[in-house]
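Visitor: Sequence first, then the predicted structure:
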Amino acid sequence: MDSDHESEDDLVIDDTENNDAPTEDGFDHGEGDADDNAATQCMRWVFTGSEDGYVRKYDFFASMNGKTPLTQGQRHGQVDSVTKAGILTSYWENEEQPLRTLQPFGIDGSSTGATGAGPMDIDMTSVKREGSIEPGAVPASSSSTAASGSAFQRAPSPEESKMSAVYSLDCHSEAIFALSGLESGSINLWTPRHEEGTCHHVFRKHTGPVSCLKLTPDQRGFVSGSWDHNILQWDLENGAIVREYSGHGSQISSLSFQPNGMPTMDMDFSDPMVNQANDSVLMSTSVDGMISFWDRRDPTPIPRKLIPPERVPPWALSACWTADATYRYCADGGANRLYDLLQTDEERERFLPDCIRGDLDSLRSGVQDYYMSKHVRVERVDDQVSTDFMKCVELARTHDPKDGEAIGVVALGGTGGRFDQCMSSIHYLYALYKERPVTLISDESIIIALGPGVHNITCDLKIEGPTCGIIPVGASESILSTKGLKWDVEQWHTSFGTKISTSNALQGSHVVIDTTAPMVWTTELRRQS
């Protein structure tokens, strides 16, 4: 079974597991494209949702190992190597569940309330299944009351159930439950393993189609995004809304939690065999091109946003993280500092580097043995022309995309140590600014290089400022203009030996710098209490 959506339209039905299923000629994804898919952790089952309103459950292993061929019509449009059909085990409708209501009535059908039935006689199973606890009014018939012993009856729906396109889909890692988004803004919770396709609860809040769903890493809650521009976080324990995230100006197109960088599997099999996610950081995208990062630990609902650059179409249909969210390297003795900074093995295993690289003249043998036991790659490079920092930059260059912006570099402790090492870091900051973004972070400062031109800088005032500075580098003189500082300048000549801007202060989070030559921009890191 091919992973592309278009191939899911051609998956055939295995009638041996569902004798009542329509024939291949009468039922497939031909009524609409497959909009979303989800799979169990072990890939035992794959679920697809389509515009035709059906959720389909496929046996992945039987599909990959099966011999059922595609028909000639299904093979049309496929490459020659795609010849086998998927095995469909079952399917069910993605129905809009009407808002049903319950109300006590007398045995004779009157609503006097003077009966033996009390408020606790409400059929709470039906209430939970329908996702509603709002009161309504309909008497139970005498025959049904006598048969069931209850004086309550579910009110008839004001409208018949109707099928909805499957706008989004996600499932539990062991297929205990699954979620599907509907056109009305409701979210159905149903069971794909036991009582297949039975809807047990409906989450109601969104006012537009639910375009994306994502279970939290602990699978005790989920996040939903809708065409109403809102993102909601739900608690699966009680069905309540935990938090709302607002700020997007268009339909939400994707949601994703940041991976935490844990290895897939250790050699002693003690680590989890699947990549772990960090439920603290959520990435969301909207159709207008905005990408937002939400720190769920922060009570203020203010995201960090990435705005599309100029001359780029304002669309964002999806976004994803790299496998471990970043590449992490230690430059020789930097591994000593990382090891000493983290106090417990649990913390050290959480922040394992991908590689330790350099001439290794500073790396302690005990630290090297520890990281090698955790299968961290240790590379000795005897080239004495480049520093250990540049040896790591050379490794980062191997991951640069062939087309597009080079990978940015953030150097922790980049200006610490001896004065000559500090000046070497500033030298490489200047040498690399045309090639890639480089940020130096020390215990006191954040430092970046600015090339000639106009720069719009957004500062996070929670972690940096107010003190800042602008220092020329790599040129005899620069003409500088600024906006957003306590002491702004206009057409100001700055150079070593004449005057430079230090101990300035931020007036707000936005700063504009116009320079005719390269400059170093630095802000003070706030002390965390």
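Guide: Cool, got the structure.

Visitor: Show me which residues of the helix or strand hosting residue 456 are buried.
Guide: In the assignment (DSSP states H and E), residue 456 maps to strand 453-458. For strand 453-458, burial by neighbour count (16 or more other C-beta atoms under 10 Å) applies to 455, 457. All C-beta atoms are positioned from the backbone trio N, CA, C, and that covers glycine.

Visitor: The very next helix or strand once past it pairs with which strands?
Guide: Using DSSP H and E, the helix or strand that follows strand 453-458 towards the C-terminus is strand 464-472. Applying DSSP bridges to the sheet, strand 464-472 is found paired with strand 501-505 (antiparallel), strand 519-525 (antiparallel).

Visitor: Pull up the per-residue confidence for the residue nearest to residue 172 when sequence neighbours are not counted.
Guide: If the residues on either side of it in the chain are set aside, residue 172 comes closest to residue 219, at 5.9 Å by C-beta to C-beta, 6 or more residues apart in numbering. pLDDT, residue 219: 89.

Visitor: Also the one 4 residues further on?
Guide: Residue 223 is assigned a predicted lDDT (pLDDT) of 94.

Visitor: ditto for residue 288
Guide: 85.

Visitor: give the contact list for it.
Guide: For residue 288, the contact set (C-beta atoms under 8 Å, 6 or more residues apart in numbering) comprises 248-250, 314-316.

Visitor: what's downstream of the longest helix along the chain, the next helix or strand?
Guide: Among all segments of the chain classified by DSSP state H, the helix with the greatest residue count is helix 419-432. Going down the chain from helix 419-432, the next helix or strand is strand 438-441, by DSSP H and E.

Visitor: Could you check the angle the next helix or strand after that next one makes with helix 419-432?
Guide: Using DSSP H and E, the helix or strand that follows strand 438-441 in sequence is strand 445-450. Strand 445-450 and helix 419-432 are oriented at 40 degrees to each other (axes from the mean of the first three to the mean of the last three C-alpha atoms, to 10 degrees).

Visitor: Look at the residue most central in space within the chain and tell me its secondary structure.
Guide: Closest residue to the average C-alpha location of the chain: residue 256 at 1.3 Å, with C-alpha atoms, centre = their mean. Following DSSP: H, G, I helix; E, B strand; the rest coil, residue 256 is assigned to strand.

Visitor: Beta-bridge partners for it, please?
Guide: Applying DSSP bridges, one finds that residue 256 bridges with residue 283.

Visitor: which residues does it contact?
Guide: With C-beta under 8 Å, 6+ apart, residue 256 has these contacts: 214, 282-284, 319-321.

Visitor: quick one: the helices in the protein?
Guide: 5-8, 60-65, 72-75, 124-130, 142-148, 334-341, 345-350, 365-373, 388-397, 419-432.

Visitor: right, and those helices - which one's nearest residue 240?
Guide: helix 124-130 (13.8 Å; C-beta to C-beta).

Visitor: Okay, now the unreliable bits of this structure?
Guide: Counting by pLDDT under 70, the chain shows low-confidence ranges at 1-35, 100-161, 260-279, 301, 307-311, 322-326, 528-529.

Visitor: Show me how it divides into domains.
Guide: The record's domain parsing of the chain by automatic domain parsing lists 1-93, 98-160, 325-407, 408-529.

Visitor: Just name the most buried of the strands paired with strand 464-472.
Guide: Highest mean neighbour count of the strands paired with strand 464-472: strand 519-525, a mean of 20 (counted as mean count of other C-beta atoms under 10 Å).

Visitor: Burial check on residue 222, number of neighbours?
Guide: 20 (other C-beta atoms under 10 Å).

Visitor: all strands of the stretch 51-200 of the chain, in order?
Guide: Along the stretch 51-200 of the chain, counting by DSSP state E, counting those that start in this stretch, strands occupy 54-59, 87-93, 95-96, 162-163, 168-171, 178-181, 186-191, 198-204.

Visitor: one step back: quick one: which of the domains of the chain is nearest residue 178?
Guide: Of all the domains of the chain, domain 1-93 comes closest under C-beta to C-beta, at 6.5 Å.
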